[in-house]
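Trainee: I need the structure of the sequence given here:
(chains A, B, C and D)
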Protein chains: 2
Amino acid sequence: MAAPRPGRAVRGSNTGRPLMAALDLFGRRWNLRIIWELQHGPVGFRALQERCDNMSSSVLRQRLTELLDAALVEQQADTAYALTELGHGVYRALRPLVRWSAEWAATLSAAGSEDAG
Amino acid sequence: MAAPRPGRAVRGSNTGRPLMAALDLFGRRWNLRIIWELQHGPVGFRALQERCDNMSSSVLRQRLTELLDAALVEQQADTAYALTELGHGVYRALRPLVRWSAEWAATLSAAGSEDAG
DNA sequence: TTAGAGCGCTTCGGAAATCGAATCGATGGG
DNA sequence: CCCATCGATTCGATTTCCGAAGCGCTCTAA
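Mentor: Coordinates of the predicted model:
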């Protein structure tokens, strides 16, 4: 399947709405994680694969193709992959999710210990 | 596969880090969309399915089970599904992504029209 | 020159996730 | 009773994902 982009029909929606394209793109496994792992700076293919818990190289390549097409990632002259300005924007947009996940963990562990306490 | 939760080993990570659990949960198809569609208020099973572009009912049921287990969604006495407080937190954490997707669309269409203009 | 090691990337068979249409039992109205 | 609608399940087909093997290339060093 082609990489989701705003203005293009995507899985689960043919309106071309940017949000739907984003939900399709980020609803594909590893895409969120790849963005997350590239935040520190450019990383080569194999190193990126290791950062992503040794995800399948075939899928990594497919995801990178999608992210390149979506202009969230660019490939440098030395072949390393890096976030574009747009990609960094995604990372910034994702940060509230990090705070939320901590809150999530706290809530669930509190709820879980109610029985024991 | 069991629903991802903080403190639990998930696909692609066995550290139990909340963020990794979140990335696994939201990296599964439709989960982001379901949260998004529930923002307006409680919705019944079939209505929710329609809102999600008539996604497969079997997958919808599986996703709802995961989101119930993750305590992001709760089922009311009238069987309708609704976001929990935690679920609303996810929605709030996701809003920057909506703004970003608009920016994304603007950037891509600008880049695309450079050739034509 | 040759031998190795590491690189980005591809191939391909198997496993897992997703799809989608049919269908079930329960419920309410005519 | 009959029909429509609901939440939910089943199951075969399709799509996606996995993962190990290997390709061609570059660099290093003997």
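Trainee: Tell me the pLDDT of the closest residue to DNA strand C within chain A.
Mentor: DNA strand C sits closest to A:G44 of chain A, with a gap of 2.2 Å, by CB to the nearest atom of the strand. Any C-beta I mention is one placed from the backbone N, CA and C, and that applies to glycine too. According to the per-residue confidence, A:G44 scores 98 in pLDDT.
Trainee: Could I get the phi/psi values of it?
Mentor: The phi and psi values for A:G44, taken as degrees, to the nearest 10, are phi -70, psi 170.
Trainee: what's near enough to touch it?
Mentor: A:T79, A:A80, A:Y81 (CB atoms under 8 Å, 6 or more residues apart in numbering or on different chains).
Trainee: Please produce a markdown table containing the residues you listed, extended by neighbour count and distance to B:Y91.
Mentor: Shown next, in a markdown table, are these (neighbours: other CB atoms under 10 Å in any protein chain shown; distance: CB to CB, whole Å):
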| residue | neighbour count | distance to B:Y91 |
| --- | --- | --- |
| A:T79 | 9 | 39 |
| A:A80 | 16 | 35 |
| A:Y81 | 22 | 31 |
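Trainee: any idea which of these is the one closest to A:A9?
Mentor: Nearest to A:A9 among the contacts of A:G44 is A:Y81, at 27.0 Å by CB to CB.
Trainee: Which ones among the contacts of A:G44 map onto helices?
Mentor: Among those, no member is found in helices (DSSP state H).
Trainee: Looking at those, which are in strands?
Mentor: A:Y81 (DSSP state E).
Trainee: ok, of the contacts of A:G44, which one's closest to B:E103?
Mentor: A:Y81 (21.3 Å).
Trainee: Surely A:Q49 and A:L60 touch.
Mentor: Yes. The pair A:Q49 / A:L60 is scored as a contact, 5.4 Å apart, by CB atoms under 8 Å.
Trainee: now A:Q39: how far from A:L48?
Mentor: 12 Å (CB to CB, to the nearest Å).
Trainee: quick one, which of the two is more surrounded?
Mentor: A:L48 (20 against 14; other CB atoms under 10 Å in any protein chain shown).
Trainee: Which strands or helices does the one helix or strand that one maps to pack on?
Mentor: In the assignment (DSSP states H and E), A:L48 maps to helix A:45-51. When contacts are defined as 3 or more CB pairs under 8 Å, 6 or more residues apart in numbering or on different chains; DSSP states H and E, helix A:45-51 sits against helix A:31-37, helix A:57-69.
Trainee: ok, that helix near DNA strand D or not?
Mentor: No. Helix A:45-51 stays clear of DNA strand D (CB under 7 Å from any atom of the strand), getting no nearer than 9.0 Å.
Trainee: any idea whether A:A77 is helix, strand or coil?
Mentor: coil (DSSP: H, G, I helix; E, B strand; the rest coil).
Trainee: Next one, pLDDT for A:G117 please.
Mentor: For A:G117, pLDDT reads 36.
Trainee: ah, wrong one, I meant A:R17
Mentor: A:R17 carries a pLDDT value of 89.
Trainee: List the contacts of A:S13.
Mentor: A:M20, A:A21, A:L23, A:D24, B:D53.
Trainee: No more questions from me, cheers.
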